Structure formats: structure tokens, C-alpha cells
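S.K.: Build me a model:
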Amino acid sequence: MINQEGSDRHKFLPKRIILVRHGESEGNRDGSAYSTIPDHKIELTQQGIAQAKHAGAQIRSVLSDSDGLLDNWKVYFYVSPYTRTRSTLREIARSFPRKCVNGVREECRIREQDFGNFQVTEKMNVIKDTRQKFGRFFYRFPEGESAADVYDRVSSFLESLWRDIDMNRLHHDPSKDLNLIIVSHGLASRVFLMKWFKWTVEQFEYLHNFSNCEFRVMQLGMGGEYSLAIYHSDEEMQKWGMSPEMITGQKWRAHTTTGALEKIPWYLDVFLDHVTDDGNDKDNSVDKNGS
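M.R.: Numbers count the residues shown, from 1 in each chain. Now for the predicted structure:
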């Protein structure tokens, strides 16, 4: 049961935030493309264009089937400035009548991780092997970024996103469901989820990348929290590399009130697994005989 204040807040929040990775690009098909074409100018393949059109139809179906109300929704798009994401957006948007689109905004902070400038295939293979040994989150590419750097700029974007919501810059009519669609890249999308759901670096390391034009639906639960478990199944989330605890957290979010997640015991155990209820460290505890 949501209190009146929570109910009012719930009414003005987007119903869904949908993260979409771009379609297949020339770089996905042939990694040597990065050695002669700037990353931000890499284009979609014909397969990528078809994937984006299909994703648009799938996403519209998600929105239209909600509560059986076929026209009771609006969308607002955020898109990375890269050629392949903008092209993906164009194809996705073909599935949406103009009257249902509240707006579109290019957002540089959700761009691809910077890997340096032109990327020589042989050199990049060595660098990526080193990244695996060092750790995917903290390894910084020479002349480029680490996933931790991407986390910082995505965090800044999220602060702006909340201001857009609070100040109604998205032109939300409370009588209709507002859906945010963020067309971005694999790593930026995983980092977005990590930041939003407060996942740890260790949990991030186990996450798999999105496939081309694969999307994740974060839907608003009854208590005012967003959850992946409302639209997606346990099996899907397992395939993404989410642990049983992460999946349980998503199910909790679907029904709990805002801020309650951090209070449940297994969430605390992620950080405090050696601390007992009486405040003694399990590894250093002694018995009554002092042994």
C-alpha cells in the first residue's frame, strides 16, 4: 500500500525505463574497421538496421499491451551521439507515431567507452587480454577510459535525468504512461544498471554484454521502485550473468517501498558477511575457555 505522498510521486514517475543497445555495426562484424574509421562514425550493417526495426516493433508491443490500453502511453528518447546509436534510434522510432513521442535528446554521457583513437587490431587484442587479468571495471585503456570512468559520467547523467523528471522537462501528462527509451551501448547500459541498482564491482564483473538491439525493461513497481523482474523472467536474468541474490533483489524491488532494499539481511551480508548479530567477528570469536 502506497501512502498519499508516495502515490503522488509514483504518478509522476516514468512507468518504464528501457535500455537498448545499438544494432550490429560494421565494427561488430569486422573489428579491423576501428583501425581506419573513428569509433563514433562506425555505421550499422544492413543486419543492424533490420535488428533496430525489429526492436522498435518489440518495444512498441511492450508499451501497447500494458493494461490493454493501446494508446495510453508516450515515449521520450535519449540517444548516444554515435552514428550507430542515432541510426538505431531512427529505425526504432519508425514503430512509434509522432503523436506518441514527447521528445528526443542526444546525450554525450551515455556514449561508448573510449578505447583510444584508431584501434589497431593486434594491439587491441593484447590490451584486452591485459584487461581480463586486471579486471574489466578498473582497467583503463591507453588514451581511453575504464568502465569506472564510464560509471562516473553515467552517474552524472542519472542526476540530470532525475532533474528532468522532477522539473517535468519530459512533458509528462500523468494521465498517460511515460516511457523513457535510452539508446546506448553495451557497457554504458550495464554501468547504468549497476549505478541504478547499487550493484557492486564484483557483481558487475559477472554481467554479460547486451546483444545487438537487445533491451532491458526497468518497470516501476507498486512501491515506487524500478525492477527488471516485472517484465523479465528469472531465466533471462540468469543468462545476463545476474546472481541469485541480484535476481531476488529485483523481485523485492517489484513490491517493496522505496529505500527498503538496503535493510534486508542478505543485502547487508554482501558487505558484512563476517559480522554476527552480537557484533563479534565470526573469524576472530573465542569460546568461553578463551581458545
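S.K.: Could you verify that G116 is part of a helix?
M.R.: No: counting by DSSP: H, G, I helix; E, B strand; the rest coil, G116 is located in no helix; its state is coil.
S.K.: quick one: what helix or strand has the closest residue to it other than its chain neighbours in it?
M.R.: For G116, the nearest residue in space outside its immediate sequence neighbours is E143; the separation is 3.9 Å by C-beta to C-beta, 6 or more residues apart in numbering. Every C-beta, even on glycine, is put in place using the N, C-alpha and C of the backbone. Assigned by DSSP states H and E, E143 belongs to neither a helix nor a strand.
S.K.: quick one: secondary structure of Q219?
M.R.: Under the three-state scheme (three-state DSSP), Q219 adopts strand.
S.K.: Tell me the spacing between it and D30.
M.R.: Relative to D30, Q219 is positioned 37 Å away (criterion: C-beta to C-beta, to the nearest Å).
S.K.: same check, this time on N212
M.R.: Counting by C-beta to C-beta, the separation of N212 from D30 is 14 Å.
S.K.: higher neighbour count, those two?
M.R.: For N212 and D30, the more surrounded residue by other C-beta atoms under 10 Å is N212, and the numbers stand at 22 against 11.
S.K.: give the contact list for the nearest residue to the more buried one once chain neighbours are set aside.
M.R.: Across the structure, with C-beta to C-beta, 6+ apart as the measure, the residue nearest N212 apart from its sequence neighbours is E24 (4.5 Å). For E24, the contacting residues are 44-45, 47-48, 51, 212-213, by C-beta atoms under 8 Å, 6 or more residues apart in numbering.
S.K.: redo that, cut-off 7 Å
M.R.: Applying C-beta atoms under 7 Å, 6 or more residues apart in numbering, one finds that E24 lies in contact with 44-45, 47-48, 51, 212.
S.K.: show me where pLDDT drops low in the stretch 51-200 of the chain?
M.R.: 66-70 (pLDDT under 70).
S.K.: Helices of that one, residue ranges please.
M.R.: For the stretch 51-200 of the chain, the helices defined by DSSP state H, counting those that start in this stretch cover 83-93, 121-134, 147-166, 186-197.
S.K.: how many neighbours does the nearest residue to V120 once chain neighbours are set aside have?
M.R.: In space, and not counting its chain neighbours, V120 is closest to S35: 5.4 Å by C-beta to C-beta, 6+ apart. Number of residues near S35 (other C-beta under 10 Å) recorded here: 13.
S.K.: same deal with E107?
M.R.: Burial of E107 is recorded as 19 neighbouring residues (other C-beta under 10 Å).
S.K.: if I pick it, what's in contact with it?
M.R.: Listed by C-beta under 7 Å, 6+ apart, the contact set of E107 reads 78-80, 157.
S.K.: returning to what we had before: contacting residues for the residue nearest to V120?
M.R.: If you count contacts by C-beta under 7 Å, 6+ apart, then S35 has 118-121 around it.
S.K.: Tell me how far it lies from P142.
M.R.: Between S35 and P142 the distance, using C-beta to C-beta, works out to 15 Å.
S.K.: try N212
M.R.: Between N212 and P142 the distance is 27 Å, computed by C-beta to C-beta.
S.K.: same question, Q113
M.R.: Q113 sits 13 Å away from P142, taking C-beta to C-beta as the criterion.
S.K.: Who has more neighbours out of the two?
M.R.: Relative neighbour count places Q113 above the other of Q113 and P142, with 18 against 9, counting by other C-beta under 10 Å.
S.K.: Any chance of the backbone angles for the more buried one?
M.R.: Backbone geometry at Q113, expressed as degrees, to the nearest 10, gives phi -60, psi 130.
S.K.: Wait, F96 touches Y76, no?
M.R.: No: shown here, F96 and Y76 do not form a contact pair, counting by C-beta atoms under 7 Å, at 10.8 Å.
S.K.: just to revisit the earlier point, any chance of a markdown table for the helices of the stretch 51-200 of the chain, columns distance to L63 and mean neighbour count?
M.R.: Rendered in a markdown table, the data for the helices of the stretch 51-200 of the chain read as follows (distance: least, C-beta to C-beta, whole Å; neighbours: other C-beta atoms under 10 Å):
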| stretch | distance to L63 | mean neighbour count |
| --- | --- | --- |
| helix 83-93 | 12 | 23 |
| helix 121-134 | 37 | 12 |
| helix 147-166 | 18 | 16 |
| helix 186-197 | 19 | 22 |
